[in-house]
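Asks: Have a look at this prediction, sequence included:
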Amino acid sequence: MPVSASVKQERAQILKMVSEGKISAQEGARLLAAIRSSAPSAPFKPSAAVRSRWLRVRVLDVASGESRLNVSLPLSLIGVGLRLGAHFVPGLADVEEDVMAAIDEGSQGKIVEMEDLEDGERVEIFIE
């Protein structure tokens, strides 16, 4: 069965994140496996609005404002993205329901902002 253009784009995005050091090779392999296992049996043609939507998780150093992590994932990989972010930020799993609700409602822009004063990090989640 031919690979859809959206799956090719998702694979390319994952490989780019690995090459830029945003995620480890092992995490990239898990994401690629998730794409393979969730590939639809019939061709899926999402609307332009769905194809162009991304979830971005950004972790900033509170003191310097410098980025520690900046990952963008297609909304089709949202579950994987939230699990990935939970590895870096304890408590992120607690907002998973809110994130999913915001996606279902068609929200855009910043949907979550949290600060971990102990580690000096701010987490921001956007739908773009």
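Replies: Cool, got the structure.

Asks: Quick check: what element follows the worst-scoring helix or strand of the chain on mean pLDDT along the chain?
Replies: Ranked by mean pLDDT, DSSP states H and E, the helix or strand of the chain with the weakest confidence is helix 48-51, at a mean of 49. Toward the C-terminal end, the helix or strand that comes next after helix 48-51 (DSSP states H and E) is strand 54-61.

Asks: Quick one: mean pLDDT over that following strand.
Replies: Taken as a whole, strand 54-61 has a mean pLDDT of 87.

Asks: Starting from that strand, tell me the next helix or strand along the chain.
Replies: The C-terminal neighbour of strand 54-61 among helices and strands, as given by DSSP H and E, is strand 67-74.

Asks: List the buried residues of that next one.
Replies: 68, 69, 71, 72, 73, 74 (16 or more other CB atoms under 10 Å). Where C-beta positions appear, they are placed from N, C-alpha and C, glycine not excepted.

Asks: Tell me the strands beside it, with direction?
Replies: Using DSSP bridges, the strands paired with strand 67-74 are strand 54-61 (antiparallel).

Asks: Any idea how far the partner strand is from the middle of the chain?
Replies: 8 Å (CA atoms, centre = their mean, to the nearest Å).

Asks: Which residues does that strand contact?
Replies: The contact list for strand 54-61 (CB atoms under 8 Å, 6 or more residues apart in numbering) reads 66-75, 77-78, 81, 84-85, 88-89, 99, 103, 120-128.

Asks: If residue 67 is in a bridge, with which residues?
Replies: Assessed by DSSP bridges, residue 67 has beta-bridge partners residue 60.

Asks: check contacts around it.
Replies: 58, 59, 60, 61.

Asks: Most neighbours of all those residues, which one?
Replies: With neighbours defined as other CB atoms under 10 Å, the most crowded of those is residue 59; it has 20 neighbours.

Asks: distance of the closest residue to that residue other than its chain neighbours from residue 58?
Replies: Closest residue to residue 59 apart from its sequence neighbours, by CB to CB, 6 or more residues apart in numbering: residue 69 at 4.0 Å. Counting by CB to CB, to the nearest Å, the gap from residue 69 to residue 58 is 7 Å.
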